[in-house]
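J.: My questions concern the predicted model and sequence given below.
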Amino acid sequence: MNRAQLQRVVEHIEANPDELDMGQWAPLRVFWDEPCNTTCCIAGHTLLLNGFVPVGNGVEFTPPGEHRAVNVRDTAAEILGLTPGQATSLFFSSATAQTLRARVDRMLIDAGQEPLPVSTDG
């Protein structure tokens with residue numbers, strides 16, 4: 001698992017809880033220049049935080065500087081270093097901004113890793 005990416009997504013969602021909507025892959029309203037003030041799921045946030053742009057029906061994003069579409073679930077799982085089972089558990093969950101860290105920590109512990117460190121920032 002990519003701990004740095006997992007931590008980045010968790011901390012972004014914890015800092016911006018109103019931006020998490022597990023009911024949609026991509027934001028309905030996108031601010032193309034920055035991945036904030038949008039609502040989307042964990043996989044969608046993973047891609048937005050890595051410079052991807054949603055296209056079409058919101059099930060696909062384009063990588064930064066490219067014109068090819070990629071699948072949200074598969075690409076986010078690759079970025080986060082998740083197995084298919086882990087991706088399903090995380091992306092098709094009822095996670096909230098308040099429960100996301102515990103869910104990710106459980107996945108890490110189950111994989112024999114330490115939980116994410118708690119940020120001491122602001």
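T.: Cool, got the structure. Quantities reported herein were computed from a predicted structural model and do not represent experimental measurements.
J.: What's the separation between residue 118 and residue 21?
T.: Distance, residue 118 to residue 21, using CB to CB, to the nearest Å: 25 Å. Backbone N, C-alpha and C define where each C-beta goes, glycine included.
J.: Same drill for the two, tell me which one is more crowded.
T.: residue 21 (15 against 9; other CB atoms under 10 Å).
J.: Distance check, the more buried one against residue 115.
T.: Taking CB to CB, one finds residue 21 at 25 Å from residue 115.
J.: Count the neighbours of residue 96 for me.
T.: 12.
J.: Residue 21 is in contact with that one, correct?
T.: No. Using CB atoms under 8 Å, residue 96 is not in contact with residue 21; the gap is 10.3 Å.
J.: Paired strands for the worst-scoring helix or strand of the chain on mean pLDDT, with orientation please.
T.: Using mean pLDDT, DSSP states H and E, the weakest-scoring helix or strand in the chain turns out to be strand 53-55, at a mean of 82. Using DSSP bridges, strand 53-55 pairs in its sheet with strand 60-62 (antiparallel).
J.: who touches residue 42 in this structure?
T.: 9, 13, 20, 22, 76, 90-91, 95, 100 (CB atoms under 8 Å, 6 or more residues apart in numbering).
J.: Of those residues, which is the nearest to residue 49?
T.: Closest approach to residue 49 among those (CB to CB): residue 9, at 6.4 Å.
J.: so which helix or strand takes in residue 43?
T.: Element membership for residue 43, per DSSP states H and E: helix 42-49.
J.: ignore the last one, residue 108
T.: Going by DSSP H and E, residue 108 is part of helix 100-110.
J.: Residue 108 - how many residues pack around it?
T.: Neighbours of residue 108 (other CB under 10 Å): 17.
J.: just residue 114 next, same as before
T.: Neighbours of residue 114 (other CB under 10 Å): 9.
J.: Which pLDDT does the model give it?
T.: On pLDDT, residue 114 comes in at 94.
J.: so who does it touch?
T.: residue 108.
J.: State the distance from it to residue 1.
T.: 11 Å.
J.: Give me the common contacts of these two.
T.: residue 108.
J.: can you map out the helices along this structure?
T.: For the chain, the helices defined by DSSP state H occupy 3-15, 42-49, 72-80, 84-91, 100-110.
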